[in-house]
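1. Need coordinates for the below:
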Amino acid sequence: MWKWTEIKSNDTYETDPEAALNGGIQRKNEMFTTNEEKALSIHDDVITDLLILPHDNRLVSASQDSYIKVHDIEKSRTIRSFPRLSGTKSLQGHKEGVFGLAWNEQMHFLISAGFEHEALVWISNIRTTPFRLRDQRRPHQHSLVDVVSVPNSPQVITADNRGMVKIWDIRTLKCMQTIQIDNSSSVSFSKHEYHNFSLNSFVYIDQPHRQIVTSGRNISVFEYERTIQPSYADDNPIIFALYNRHALSFLTASDKSVKIWDALTGTMTHVYENLTTSEITSVCLDSNGRKFFIGTHDGEIIAFRFSNGDFVKKFKLAGPENLITDKYSKTTTIVKPPTQSREVTSLTYCTKLKTLIATTWEKGVYILSDRDPTDGILLKAFCTTDNVIYHRSDVKCSDFSMAHQIGATGDETSKVIIWDMQNFSKLGECTNPARGRIAPNRENIKEQLMRGSISCIRFLGTYPAFVCADSSGFLHLWTVKPYVYPNHKICSWRNYNDALKVTPQVTCIDFNPETNYLYTADDKGYVCVWDLEPLFEATYLRPKRNKKLRTNRKAQRFNKPTLRNDFVEKKMYWRAHQDSIKSLQVISDPASIFTASYSAEVNIWSSNGKKMDSISQERDESKPFNFPLDVQHRVKQEQSVVAGVINEIREKYKFLSKWRNNARKEHVDDKAFITQQQPASPKQTTVN
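-> Prediction:
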């Protein structure tokens with residue numbers, strides 16, 4: 001054991017420097033002395049960490065020999081040890097070296113971290129098997145650096161050497177938040193230099209700062225922020241929210257930041273702050289859910305990686321002042337560098353084509369390519385100029401039909417334009433009929449017209465039709481190719497609210513192809529469900545079928561169908577939010593409806609309108625998250641898809657190997673035939 005000897009000042013030290021130096025050295029040598037009789041060999045390897053238990057006068061030591069031992073300082077003896085798995089009476093603890101200890105005063109738990117990927121939680125007074133801090137969704141995949149217990153809190157912090165920091169709740173042994181640190185993007189490296197990020201250590205600074213400071217190649221500081229609305233998903237109004245079925249996560253966007261939520265636990269996993277210089281106005285995902293695209297108020301369109309929020313690429317738009325249109329060929333070309341100063345009102349990703357449809361306030365529709373991994377390319381710009389007129393006012397919304405490879409955009413003058421996304425051309429327009437072409441029934445004139453701006457638009461799955469909503473609260477169903485009568489409005493109906501006795505404006509639409517139900521959300525916070533199956537039967541609307549399953553049926557002849565405004569039946573409606581709903585998404589697995597309001601309230605509903613759960617910033621971990629995902633079924637589906645791809649590759653490889661063998665045999669036979677046909681060369685004779 002070590003002894004402490006106090007050094008007292010002497011006057012001779014002040015007058016004689018040499019005496020002071022020699023005396024100081026002599027006193028320093030006498031400062032710490034060892035007692036060989038009380039020296040104990042408590043570990044077989046290097047001791048890596050020591051911890052004093054408060055209110056107990058006991059010392060806890062950790063070593064590279066994988067043992068954790070508790071010692072009585074006064075009696076100089078070992079009271080208890082927490083060994084590895086070495087016998088029937090031993091506890092199953094660390095299998096490798098231990099170099100981090102922490103004590104949670106609130107729960108009286110001892111936490112240890114070592115070369116394993118999981119921290120262990122021990123009850124210091126009882127010899128039991130320790131608990132493991134294990135995150136099934138996103139575990140530590142590298143050796144831990146250290147473990148820290150937050151004072152006066154049930155929270156514990158762990159970090160591994162690859163920069164993953166996790167905050168745990170020691171009461172439930174569940175992960176509350178995951179922070180991924182990788183500051184390699186802030187350091188410039190050469191093109192051929194290999195860089196591998198490594199986190200060395202971290203520390204927690206208690207109140208009033210409440211910060212986590214990590215050290216690696218750089219020093220990063222994470223500050224804890226108290227939420228203003230703990231029961232909501234954000235403190236700021238939510239602009240957009242969606243569900244990523246590939247990553248099993250939810251995404252919410254507000255102001256300049258994006259938050260990612262785990263769909264299995266309902267907890268927040270990532271926060272990407274200050275992604276843009278202006279407010280976010282629109283968000284969409286790519287086909288694989290690996291990237292998300294953001295449109296801003298200043299006209300920027302930026303792509304980020306979904307897993308870690310890294311910047312991927314930026315798209316450049318061109319306004320009318322940057323375009324010139326040929327009067328005869330009607331082709332538009334960029335003549336000046338693009339300027340971006342208009343708000344992006346909507347973003348729609350075109351699956352399989354790897355393109356984006358972007359609409360802005362400047363009456364423009366832009367087709368962007370996502371094929372280049374590092375650069376965003378502008379393929380086509382449809383802007384109203386002096387020679388060509390597309391949209392006469394601000395474009396508000398857009399959508400894409402994967403079955404028919406067409407897109408649609410709507411503006412503030414009740415005009416919808418249909419686009420061919422394969423040839424980047426205009427197919428037609430859906431507008432109000434001209435004067436003199438309105439039906440003679442004067443009672444239904446208002447129902448036949450679209451008034452105000454088009455607030456949202458949605459294609460009906462594989463059916464050749466779409467539904468759009470205007471600012472007056474009416475819904476309109478239009479047909480597109482390959483229907484017999486394309487660009488024809490079949491029916492219009494009011495979004496009348498029986499409870500409020502008003503017709504609120506529809507803000508978002510989604511369609512469920514399995515039940516043929518149309519879901520609408522309005523600015524009063526209500527969700528309505530409409531049954532479109534009778535409409536499809538009455539108008540002979542059929543979904544697009546697979547070519548292999550298509551039968552030779554004769555085309556049915558019928559007149560242009562026009563149904564009355566009360567033909568569509570409202571199945572049910574309920575109040576989902578107290579404020580205007582900004583996002584609505586129908587989820588097939590599990591069968592649910594995902595909604596988000598302007599007041600930052602995010603809820604999940606069942607198909608019959610019962611609330612399943614909600615996403616909040618401070619969630620009660622004792623209650624399980626009610627979003628029943630069948631993970632094992634998804635894993636089997638992915639395995640079957642991978643097996644099918646592998647079998648297809650094997651078949652192609654077998655075909656190529658047979659073709660190569662046949663080509664080699666033909667080459668050998670041709671070579672032998674040529675050698676037989678060639679005459680023998682005469683022998684050369686030499687004359688001496």
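2. When you work out contacts or count neighbours from here on, use the C-alpha atoms and nothing else.
-> Noted.
3. For Phe292, give the beta-bridge partners.
-> Taking DSSP bridges as the rule, Phe292 bridges to Leu285, Phe304.
4. same check, this time on the one 4 residues further on
-> Listed by DSSP bridges, the beta-bridge partners for Thr296 are Ile280.
5. and the helix or strand hosting Ala102, how far out from the chain's middle?
-> For Ala102, the element it lies in under DSSP states H and E is strand 98-104. Averaged C-alpha coordinates place strand 98-104 at 33 Å from its chain's average position (C-alpha atoms, centre = their mean, to the nearest Å).
6. who touches it?
-> Contact with strand 98-104 is made by 47-51, 53, 62-68, 109-115, 145-151, 154, as judged by C-alpha atoms under 8 Å, 6 or more residues apart in numbering.
7. Just the C-alpha atoms of whichever helix or strand comes after that strand, please, in PDB.
-> Next helix or strand after strand 98-104 toward the C-terminus (DSSP H and E): strand 109-114. C-alpha atoms of strand 109-114 as PDB (Å, rounded to 0.1, in the frame of the first residue of the first chain):
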ATOM      1  CA  PHE A 109     -24.600  -1.200 -10.300                       C
ATOM      2  CA  LEU A 110     -21.000  -1.800 -11.400                       C
ATOM      3  CA  ILE A 111     -20.400  -1.600 -15.200                       C
ATOM      4  CA  SER A 112     -17.300  -2.900 -16.900                       C
ATOM      5  CA  ALA A 113     -16.000  -2.700 -20.500                       C
ATOM      6  CA  GLY A 114     -13.200  -4.600 -22.200                       C
END
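8. Show me the shaky parts of the stretch 101-250 of the chain.
-> Applying pLDDT under 70 to the stretch 101-250 of the chain flags residues 126-127, 182-197, 226.
9. just to revisit the earlier point, state the paired neighbours of the strand holding Ala102 in the sheet, together with their directions.
-> strand 109-114 (antiparallel).
10. right, and the helix or strand after the strand it pairs with?
-> Downstream of strand 109-114 (by DSSP H and E), the next one is strand 119-123.
11. picking up where we left off before, drop anything exposed from the contacts of strand 98-104.
-> 47, 49-51, 53, 62-68, 109-115, 145-151, 154 (16 or more other C-alpha atoms under 10 Å).
12. the helices in the stretch 151-300 of the chain, which residues?
-> Counting by DSSP state H, counting those that start in this stretch, the stretch 151-300 of the chain forms no helices at all.
13. Determine how far the last residue of stretch 545-562 lies from the first.
-> Terminal residues of stretch 545-562 are spaced 25 Å apart (C-alpha to C-alpha, to the nearest Å).
14. can you give me the mean pLDDT across it?
-> Stretch 545-562 shows a mean pLDDT of 59.
15. which helix is the longest one in the protein?
-> The longest helix of the chain (DSSP state H) is helix 631-677.
16. end-to-end on stretch 620-630?
-> 23 Å.
17. centre of the chain versus it, how much separation?
-> 19 Å.
18. Check stretch 575-594 too.
-> On C-alpha atoms, centre = their mean, the centre of stretch 575-594 falls 18 Å from that of its chain.
19. Likewise for stretch 589-597?
-> 16 Å.
20. and for that stretch, what are the contacting residues?
-> Under C-alpha under 8 Å, 6+ apart, the answer for stretch 589-597 is 237-238, 240-243, 525, 576-577, 579-587, 602-607, 627-630.
21. just stretch 243-254 next, same as before
-> Applying C-alpha under 8 Å, 6+ apart, the contact partners of stretch 243-254 are 233-234, 236-242, 258-264, 279-280, 283, 285, 288-290, 585, 587, 594.
22. Inside strands: which ones of those residues?
-> Judged by DSSP state E, strands contain the following of the contacts of stretch 243-254: 240-242, 258-262, 280, 283, 285, 585, 587, 594.
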